[in-house]
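Participant: quick one, what's the 3D model for this:
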Amino acid sequence: MRRFKSISGELIVVAGTLLVAMAFFLVFTWGDSTVTMTYIIVADKIDNSREGKFDFTVVAEGGEVFAVRNVESQGIYSASKVFKTLEIGKRYQVLVTGRRLPLLGLKRNIIQASLAQ
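Facilitator: Okay, here's the model as predicted:
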């Protein structure tokens, strides 16, 4: 019984250390500074500005949900323009920032879009 208590205490320390390490990783590597390029076909568009929010939502074929919002930290204030240019059913080359973590409700943010060939 004493051995089990010792092992369970060690497991709690290891799990706590891993959680703290993951939190530091997310905080220090998250940022909106990383920009990646991807291709999407727009399946749906949702204008959240009518609900008092200041962002838009785009659903791509395949089910990934993207946010379209301004990124003040990078001087990007073109969310409404980008949202208006996207048309349902068309394929786009998009620049996105952020990371996708569906369990936490986090979506990648589209900052630029152009029609793909």
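Participant: off-centre distance for the helix or strand hosting residue 112?
Facilitator: Using DSSP states H and E, residue 112 sits in strand 108-115. Taking the mean of its C-alpha atoms, strand 108-115 sits 12 Å from the chain's own mean (CA atoms, centre = their mean, to the nearest Å).
Participant: got it, and stretch 84-97?
Facilitator: Using CA atoms, centre = their mean, the offset of stretch 84-97 from its chain centre is 16 Å.
Participant: quick check: buried residues in that stretch?
Facilitator: Along stretch 84-97, these residues count as buried under the neighbour rule (16 or more other CB atoms under 10 Å): 86, 92, 94, 95, 96, 97. For glycine as for every other residue, the C-beta is placed from the backbone atoms N, C-alpha and C.
Participant: ok, back up a step: the strand holding residue 112 - what's its average pLDDT?
Facilitator: Averaged over strand 108-115, pLDDT sits at 94.
Participant: hey, where'd the helices end up in the protein?
Facilitator: With DSSP state H, the ranges of helices along the chain come out as 2-29, 79-85.
Participant: could you tell me the least trusted of those helices?
Facilitator: Sorting these by mean pLDDT places helix 2-29 lowest, at a mean of 73.
Participant: one step back: okay, now the sheet partners of the strand holding residue 112, with direction.
Facilitator: Strand pairing for strand 108-115, using DSSP bridges, gives strand 65-68 (parallel), strand 91-97 (antiparallel).
Participant: turn these into a markdown table, columns for mean pLDDT and distance to residue 57.
Facilitator: Shown next, in a markdown table, are these (pLDDT from 0 to 100; distance: least, CB to CB, whole Å):
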| stretch | mean pLDDT | distance to residue 57 |
| --- | --- | --- |
| strand 65-68 | 93 | 6 |
| strand 91-97 | 95 | 13 |
